[in-house]
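Trainee: whatever this is, show me its structure:
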Amino acid sequence: MSNVPAQRATAHPASLTQAGTSPSGNCPDCGSDRMTALAMTLTDGTPVQFASCHECEHRQWTHEGSALEFRDVIARATKLKI
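Mentor: From the prediction side, this is the model:
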């Protein structure tokens, strides 16, 4: 017996690449609406929205509406060794 929950069937398959799904709308670098956007939680518990552009490959993490610097994302996502 498996502990994996059954997946729900949907009429329309999910897609991370729907136009205009970025938290900011279009890409801030090139203006494209071909964005992948998803919510994630960094290692330190910080909830962020991640967005990636399919045209220019710009990537952005935001927390509470403010963009995070890449070095801050790395610092928050680094697991501390005890």
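
Trainee: element containing I74, please.
Mentor: Element membership for I74 (DSSP states H and E) is helix 70-77.

Trainee: same question for G45.
Mentor: Judged by DSSP H and E, G45 forms part of no helix or strand.

Trainee: any idea which helix or strand comes after the host helix or strand of W61?
Mentor: Assigned by DSSP H and E, W61 falls within strand 59-63. Where DSSP H and E defines the elements, the next helix or strand beyond strand 59-63 is strand 66-68.

Trainee: and the helix holding I74, how far out from the chain's middle?
Mentor: 14 Å (Cα atoms, centre = their mean, to the nearest Å).

Trainee: still on that earlier bit, counting contacts, what elements does the strand holding W61 pack onto?
Mentor: If you count contacts as 3 or more Cβ pairs under 8 Å, 6 or more residues apart in numbering; DSSP states H and E, strand 59-63 packs onto strand 47-53, strand 66-68. Backbone N, C-alpha and C define where each C-beta goes, glycine included.

Trainee: what comes up buried for it?
Mentor: With burial defined by 16 or more other Cβ atoms under 10 Å, the residues of strand 59-63 counted as buried are Q60, W61, T62.

Trainee: and which of these is nearest M35?
Mentor: Nearest to M35 out of these is Q60 (Cβ to Cβ; 9.4 Å).

Trainee: so what's the nearest residue in space to that closest one that is not next to it in sequence bridging to?
Mentor: Distances taken as Cβ to Cβ, 6 or more residues apart in numbering place A51 nearest to Q60, at 5.0 Å, with adjacent residues excluded. Note on A51: beta-bridge partners by DSSP bridges are A37, Q60.

Trainee: correct me if wrong: A51 contacts E57.
Mentor: No. Using Cβ atoms under 8 Å as the test, A51 is too far from E57 to be in contact (11.4 Å).
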